[in-house]
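> Here is a sequence together with a model predicted from it:
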Amino acid sequence: MKAGHKQVKRMTGMMRSIHWVNVISMIVAVITGLYIANPYYQAFIADDAVDKYVMAWNRWGHFIVAIIFDVTSIIVAYLFFFSRFEKPIFKVVPTGKNIKEFFEVLLNLLTLNRRKNFDSTHADSFNSVFFAVFHILLAWMLFTGLQLYVHGLASGLSSIGTWWPTMLHMVTDWTIQASGGTLMDVRVSHHTVMWYILTWIAFHIYYQVWRTIFWEEADIAIAISGSKFVKEDKA
């Protein structure tokens with residue numbers, strides 16, 4: 001630890017676990033999703049036909065990580081409002097203080113740290129809004145993905161009964177009209193939003209590295225150790 005700095009807790013063990021589970025799940029979802037949309041590799045030709053279930057395995061992997069995202073999204077949504085550690089909801093409410101902080105953080109980024117009129121000790125409004133946008137995009141991916149999934153259960157039957165397709169239709173059919181009116185619109189929307197999320201991830205990684213370099217507060221270590229370091233007069 002640098003002299004004159006103090007360690008500040010920023011992420012709990014639960015939050016860090018969710019973060020890295022989502023990282024791994026996102027990688028699997030992108031790889032399998034791209035294959036489902038356009039198969040870009042195939043099984044070895046020499047394999048027996050009975051052993052070739054490449055698309056099935058990709059669809060299975062995609063569905064499993066989607067379920068994981070469902071679970072983590074519910075936990076994140078709960079913590080967003082009721083966390084005893086830090087409630088992000090208070091930072092996204094458009095109060096005068098939050099709006100001012102949002103633009104101060106944005107100006108800090110645009111001016112390459114030449115203007116820093118905000119406290120970087122804890123989560124700021126810019127980062128809170130940024131993460132809220134990510135989870136909105138992720139929620140859209142989950143609803144449209146489940147709509148594409150239930151479309152494959154056209155008979156209204158499933159291995160666990162008719163209640164499962166019925167419930168999915170009730171929860172996700174609205175995405176058809178919201179996407180443009182057809183199932184193909186849902187598919188295109190699902191694929192397009194994936195690129196928005198990848199853009200979000202690219203900026204997220206860049207911004208964390210940027211903060212670590214310019215602020216010198218070890219922000220990049222938050223997702224690993226749960227802590228960052230700030231000057232003692234700020235902590």
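Arrived safely, thanks for sending.
> which stretches of this protein aren't confidently modelled?
Applying pLDDT under 70 to the chain picks out residues 1-3, 43-52, 233-235.
> Quick one: the helices in the protein, in order.
13-37, 54-82, 89-92, 96-110, 125-151, 163-172, 174-179, 183-215, 222-225 (DSSP state H).
> Can you give the contact residues for the third one?
Outside of helix 89-92, the residues within contact range by C-beta atoms under 8 Å, 6 or more residues apart in numbering are 80-81, 98, 123-125, 128-129, 132. The way it works is simple: take the backbone N, C-alpha and C, and place the C-beta from them, glycine included.
> Out of those, which is nearest to M194?
Among the contacts of helix 89-92, A132 lies closest to M194 (C-beta to C-beta), at 18.8 Å.
> Out of the contacts of helix 89-92, who's the most crowded?
Counting neighbours by other C-beta atoms under 10 Å, S125 leads these with 25 neighbours.
> That residue contacts T95, doesn't it?
No - S125 is beyond contact range of T95, at 9.1 Å (criterion: C-beta atoms under 8 Å).
> tell me, what's touching the two both at once?
Joint contacts of S125 and T95 (C-beta under 8 Å, 6+ apart) do not exist.
> if I look at the nearest residue to N108 once chain neighbours are set aside, how far off is E232?
Spatial nearest neighbour of N108, chain neighbours left out: K116 (5.1 Å); criterion: C-beta to C-beta, 6 or more residues apart in numbering. Separation of K116 from E232 (C-beta to C-beta, to the nearest Å): 17 Å.
> Just want the phi and psi numbers for the residue nearest to N108.
The phi/psi pair for K116 (degrees, to the nearest 10) reads phi -140, psi 80.
> circling back to that earlier point, what is the nearest of the contacts of helix 89-92 to P39?
Using C-beta to C-beta, A132 is the member of the contacts of helix 89-92 that lies nearest P39, at 34.8 Å.
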